[in-house]
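# Sequence isn't available, so here's the structure alone:
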């Protein structure tokens, strides 16, 4: 596992045209400051906001889900399956603002991995925090012969 696997996963998610693609496409300056970590900046555009003009909570949860998986893929070869996702919302991020996102793997065990994510505005104020747990399945045999 290394940053190349994580970069490929991220690029494929942006191109997929699925629910998470618009938010991921707004992420810029992606970097891997160390193994088990990923950082980027998000431009808050109108398609990512709620009717009040601030970053939608569902979008934040999606970012926590996918971007912590990007961090995880720097230390494992598999993205795993989510078992728990928690987000605490602390402050709004209005349309036109930039959000600084930092994700880090806290621990990888035999079958579980724990990650956290912090989203801050340009002043350094916390917008949201997230914690994500993933099950890492043991490789299944191709055949039961």
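The structure has been received and is ready for your questions. What you are looking at is a predicted structure, and each value in this text was computed from that prediction instead of being measured.

# what are the ranges of the strands in this protein?
Counting by DSSP state E, one finds strands in the chain at the ranges 27-31, 37-43, 81-89, 98-108, 112-121, 126-135.

# Mind putting the ones you listed into a markdown table with distance to residue 61, mean neighbour count and mean pLDDT?
Every C-beta, even on glycine, is put in place using the N, C-alpha and C of the backbone. Output for the strands of the chain, formatted as a markdown table (distance: least, Cβ to Cβ, whole Å; neighbours: other Cβ atoms under 10 Å; pLDDT from 0 to 100):
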| stretch | distance to residue 61 | mean neighbour count | mean pLDDT |
| --- | --- | --- | --- |
| strand 27-31 | 15 | 14 | 96 |
| strand 37-43 | 13 | 20 | 98 |
| strand 81-89 | 5 | 13 | 98 |
| strand 98-108 | 13 | 18 | 97 |
| strand 112-121 | 10 | 20 | 97 |
| strand 126-135 | 7 | 20 | 98 |
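
# Could you provide those in JSON lines, with additional columns for distance to residue 14?
What follows is the strands of the chain, written out as JSON lines (distance: least, Cβ to Cβ, whole Å):
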{"stretch": "strand 27-31", "distance to residue 14": "8"}
{"stretch": "strand 37-43", "distance to residue 14": "12"}
{"stretch": "strand 81-89", "distance to residue 14": "20"}
{"stretch": "strand 98-108", "distance to residue 14": "15"}
{"stretch": "strand 112-121", "distance to residue 14": "18"}
{"stretch": "strand 126-135", "distance to residue 14": "19"}
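
# between these, which one is nearest to residue 50?
Evaluated with Cβ to Cβ, the strands of the chain place strand 81-89 nearest to residue 50, the distance being 11.3 Å.

# Give me the distance from the closest one to the chain's centre.
11 Å (Cα atoms, centre = their mean, to the nearest Å).

# Name the residues that touch it?
If you take Cβ atoms under 8 Å, 6 or more residues apart in numbering as the criterion, strand 81-89 is touched by 57, 60-61, 64-65, 112, 127-135, 137.

# at 7 Å what do you get?
Outside strand 81-89, the residues that touch it by Cβ atoms under 7 Å, 6 or more residues apart in numbering are 57, 60-61, 64-65, 128-135.
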